[in-house]
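Asker: Fold the following for me, if possible:
(chains A, B, C and D)
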There are 2 protein chains.
Amino acid sequence: MKKERVSIHEVASAAAVSRSTASRALLGQEGVSQTTRDTVQRVARELGYVRDLRAHALKAGSGRTVVIYVRAVQLSYYGQMASLVQRELDARGYELVVVAGSASQARPVDAVMGLRPAGVIVASGRVDLEEFASLDAPVVVAGSDADHPGLTSVADDNQGIKQLASLTAELGHRVVAVIDFPPGASATLSRRASETAKAHRRAGSEVRLVPCMPEGEVPDPSALRRSIEDGATVIVCPNDPLLVSVWEQLTHLGLTVPEDVSLIGYDGRGELASPVFGLTTWAQPIEAMAAAAASEVVARIVDDGHPCRHLRFRGELVRGRTLAPADRRSSESSSRSTTATTVHGTA
Amino acid sequence: MKKERVSIHEVASAAAVSRSTASRALLGQEGVSQTTRDTVQRVARELGYVRDLRAHALKAGSGRTVVIYVRAVQLSYYGQMASLVQRELDARGYELVVVAGSASQARPVDAVMGLRPAGVIVASGRVDLEEFASLDAPVVVAGSDADHPGLTSVADDNQGIKQLASLTAELGHRVVAVIDFPPGASATLSRRASETAKAHRRAGSEVRLVPCMPEGEVPDPSALRRSIEDGATVIVCPNDPLLVSVWEQLTHLGLTVPEDVSLIGYDGRGELASPVFGLTTWAQPIEAMAAAAASEVVARIVDDGHPCRHLRFRGELVRGRTLAPADRRSSESSSRSTTATTVHGTA
DNA sequence: CTGAAAGCGCTTACAG
DNA sequence: CTGAAAGCGCTTACAG
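Answerer: Numbers count the residues shown, from 1 in each chain, chains lettered A, B, ... in the order given. Modelled structure (predicted):
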């Protein structure tokens, strides 16, 4: 049975009050008699009334909806971020709506601001921050560096890159392949890749850059193979999904991780973070970032004068089983099966 | 520099035309002179005008926004689904907004319908479908069985459960632990779990039900341990994240997969689907479901008389390395290291 | 405690 | 080709 869309007008008629009164009763405002309030709410329920959030927000200012913009909703890092932010906003009485990036979006700012949210969280390294900075809604950038004065930002403090680089050097790796990411697809990943290359050079290693395929998301297979032929003993990836993607390619090449080559990722969050997979990676402080993003965006919504802070949090090294000392390679064939036990047995 | 929010009124003034004309020019409608159109669009760009989608939709009917409601945005199955649906809707000129379930949402229908979407895709086994069925927007249920006449549904054809059960029996498993899921948290998973138990019983196995913790998402550790002590040689999970969660618990118990116990999941999508992890699972036909969900919802948006179809697609067995013959257990200690090579080596 | 009126930003017949 | 007017569903001063 299709119901017709029921507006506040129908509720008001059915309850025999004016639309003004119906509105106040439905919003639970003061200054409505208890009986009126009860009738209106009962009638609304019976009629299946659902408030039109658009009209509500249109009239009442910007409402209590916050939009989070993510680059790729299929990556569980973003899902995790959205979910954690939602929990925080829930507790503060705000709703979260997720808008995912897509190829056809000429201007992400349209898709986001078209909803006229009370606040915006940008969890994507792909957007033009300038555009967002000139908006009248408070904007918080989560997960990527941004020191724009008109924007709040929360991010990790980038210690991971250095620590992973020194660990790699300590383990004796001298030739390091770094997966590069096109800046157009994600400024954050691209920047992370080049910082990574720099850190490894500073640690005394030779660096081979492996570009991603033009469509992004997947490293160029022949470049990857070449980097290994050139002596790379470890492959460093700007996030964990790329690590997995590299791992798949290595498997096709008949190479074993970490006996033949070691793997290092970044994120340490979401479904790939389980210790059973043993990824060596850097766990981003995603809970802290999400909590800060939520509380800062709310603070700026309720207090126009709240400053744009730039908060940095410390992540954590995850020492998994995809990274081994460089000299493992020498005793390759004999160590393979026992190492496999180490890699995937009960840790 | 904060810009003030700029409405069509400011654009119209700046372009020295009426709001009507500005609106038509901005919408790219016929019947506006080329010069007027150009000026208006240029001025809008200069002013940083962003159309208010709420007001647009409020006046123009329900707009071109489709809402997808997901149970838990942090699970990459849902992210994957949202992403695939978005690609399809993109191509048809619709926008997708993701609304994620949360504890504080008394009625998901409010969060979804409050946005007055042109159509709705429900990818969650948690909602009350009755509520959604009585709406005036077309609703498509994706990924869970629903034969409600007022709802379109797309799902897999449930062959996976049977096929996984017969494969398990063929491999000689006689005692099967099945992870049970509370119906309140997800009707789909709960139903899948009980269907799974039924299928294994029909295949001649003894079944031990292992409940999840009250908060859901994680199996009860002591019940899990007991099921293994009771002789279960394989643990069947209603989705892949639960498989991973079980795997973690087994690791803590000092048990190895699949030497000590085998693992079977369900979904075969998202980040856990990579062959490097070797999950044995059932790959849901998520591309087909997403494509069908998108095209059916659009069909019903544009054609009020389009019927509510119930489409079922065939998934695919993923024969990974977490499932081994039951008799592996006997030669446990000797086979462990070589098996580990099989499990995690180059497949 | 309640209602009539104005208006949020937009679109769309309807006239010109 | 363009504009004045009505109205989408709601909220909120303002009067009573």
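
Asker: Can you get me a residue count around the closest residue to residue A:213 other than its chain neighbours?
Answerer: What sits nearest to residue A:213 in space, not counting adjacent residues and going by C-beta to C-beta, 6 or more residues apart in numbering or on different chains, is residue A:220, at 5.6 Å. Bear in mind the C-beta positions are built from the backbone N, C-alpha and C, glycine included. Here the number of neighbours of residue A:220 (other C-beta atoms under 10 Å in any protein chain shown) works out to 17.

Asker: Ramachandran angles for residue A:220?
Answerer: phi -70, psi 120 (degrees, to the nearest 10).

Asker: so how far is DNA strand D from residue A:70?
Answerer: 29 Å (C-beta to the nearest atom of the strand, to the nearest Å).

Asker: For beta bridges, what are the partners of that residue?
Answerer: residue A:100, residue A:123 (DSSP bridges).

Asker: So it is in contact with residue A:123, correct?
Answerer: Yes. Under the criterion of C-beta atoms under 8 Å, residue A:70 is in contact with residue A:123, at a separation of 5.0 Å.

Asker: Check the contact lists of these two and give me the overlap.
Answerer: Common contact partners of residue A:70 and residue A:123 (C-beta atoms under 8 Å, 6 or more residues apart in numbering or on different chains): A:78, A:81-82.

Asker: Remind me what the helix or strand where residue A:209 lies packs against, helices and strands.
Answerer: Taking DSSP states H and E as the criterion, residue A:209 maps to strand A:206-210. Applying 3 or more C-beta pairs under 8 Å, 6 or more residues apart in numbering or on different chains; DSSP states H and E, one finds that strand A:206-210 contacts strand A:175-179, helix A:187-202, helix A:221-229.

Asker: any idea which of the ones you listed is most buried?
Answerer: Most buried of the helices and strands packed on strand A:206-210, by mean neighbour count (mean count of other C-beta atoms under 10 Å in any protein chain shown): strand A:175-179, with a mean of 26.

Asker: Pull the number of nearby residues for the closest residue to residue A:124 other than its chain neighbours.
Answerer: Excluding the flanking residues, the one nearest residue A:124 by C-beta to C-beta, 6+ apart is residue A:71, at 3.8 Å. Residue A:71 has 24 neighbouring residues, counting by other C-beta under 10 Å.

Asker: and what of the one 4 residues further on?
Answerer: In terms of burial, residue A:75 registers 26 neighbours under the definition other C-beta under 10 Å.

Asker: Return the distance of it relative to residue A:6.
Answerer: Going from residue A:75 to residue A:6 by C-beta to C-beta, to the nearest Å gives 39 Å.

Asker: can you pull the contacts of the residue nearest to residue A:213?
Answerer: A:210-213.

Asker: and these as TSV, adding pLDDT and distance to residue B:15?
Answerer: What follows is these, written out as TSV (pLDDT from 0 to 100; distance: C-beta to C-beta, whole Å):
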residue	pLDDT	distance to residue B:15
A:210	97	50
A:211	96	45
A:212	95	43
A:213	92	44
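
Asker: Now the buried members of the residues you listed.
Answerer: Neighbour counting by 16 or more other C-beta atoms under 10 Å in any protein chain shown classes A:210, A:212 among the contacts of residue A:220 as buried.

Asker: Any stretches of the stretch 1-150 of chain A with poor pLDDT?
Answerer: A:1-4, A:62 (pLDDT under 70).

Asker: ok, back up a step: now narrow the shared contacts of residue A:70 and residue A:123 to whatever sits close to chain B.
Answerer: By C-beta under 8 Å from any C-beta of the partner chain, the members of those lying near chain B are A:78, A:82.

Asker: Tell me the one among the shared contacts of residue A:70 and residue A:123 nearest to DNA strand D.
Answerer: The nearest member of the shared contacts of residue A:70 and residue A:123 to DNA strand D, counting by C-beta to the nearest atom of the strand, is residue A:82 at 26.2 Å.

Asker: what's around that closest one, how many residues?
Answerer: Residues near residue A:82, counting by other C-beta under 10 Å, number 27.

Asker: Assess the claim that it and residue A:96 are in contact.
Answerer: Yes. Judged on C-beta under 8 Å, residue A:82 makes contact with residue A:96 at a distance of 6.9 Å.

Asker: which neighbours do those two share?
Answerer: What both residue A:82 and residue A:96 touch, as defined by C-beta under 8 Å, 6+ apart, is the set A:68, B:100.

Asker: what sits against the nearest residue to residue A:76 once chain neighbours are set aside?
Answerer: Using C-beta to C-beta, 6+ apart and skipping residues adjacent in sequence, the residue nearest residue A:76 is residue A:270, 3.0 Å away. Counting by C-beta under 8 Å, 6+ apart, residue A:270 touches A:75-77, A:79-80, A:240, B:74, B:76, B:271.
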